[in-house]
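A.B. asks: need a 3D model of the following:
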Amino acid sequence: MLATPTMSATKFTLTLTEEERAKLLNFLEQALRDKHVEAHRTEAFDYREYVQHEEALLEGLVNKLRRP
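C.D. replies: Here you go, the predicted structure:
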């Protein structure tokens, strides 16, 4: 199994303009689409788990940025 870096649960606030939020959301949505394709095409079980983990992280970020 591939090792994934551990992150502490430190929280912080990031202030973005609406234009910055929209641009960041656009980048993250594209990265999420790319990860979905990568996960679908990956045959190695361990690597697929890693890609699916990254996909879940991106999905969480996208959902946070979509909130009003």
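
A.B. asks: from memory Gln39 sits against Glu49, does it?
C.D. replies: For the record, residue 39 is Ala, not Gln. No: using Cβ atoms under 8 Å, Ala39 makes no contact with Glu49, being 9.3 Å away. For every residue, glycine as well, the C-beta is placed using N, CA and C.

A.B. asks: average pLDDT across stretch 16-28?
C.D. replies: The average pLDDT for stretch 16-28 rounds to 96.

A.B. asks: tell me the gap between that stretch and the middle of its chain.
C.D. replies: Its chain's C-alpha centre and that of stretch 16-28 lie 14 Å apart, by Cα atoms, centre = their mean, to the nearest Å.

A.B. asks: same question for stretch 45-55.
C.D. replies: Centre-to-centre, stretch 45-55 and its host chain are 12 Å apart (Cα atoms, centre = their mean).

A.B. asks: check stretch 30-43 too.
C.D. replies: Per Cα atoms, centre = their mean, the displacement of stretch 30-43 from the mean C-alpha position of its chain is 11 Å.

A.B. asks: in it, what counts as buried?
C.D. replies: For stretch 30-43, burial by neighbour count (16 or more other Cβ atoms under 10 Å) applies to 31-32, 35, 39.

A.B. asks: what's in contact with the helix or strand hosting Ala22?
C.D. replies: Take DSSP states H and E as the rule and Ala22 turns out to sit in helix 18-41. If you take Cβ atoms under 8 Å, 6 or more residues apart in numbering as the criterion, helix 18-41 is touched by 16, 48, 51-52, 54-55, 58-59, 61-62, 65-66.
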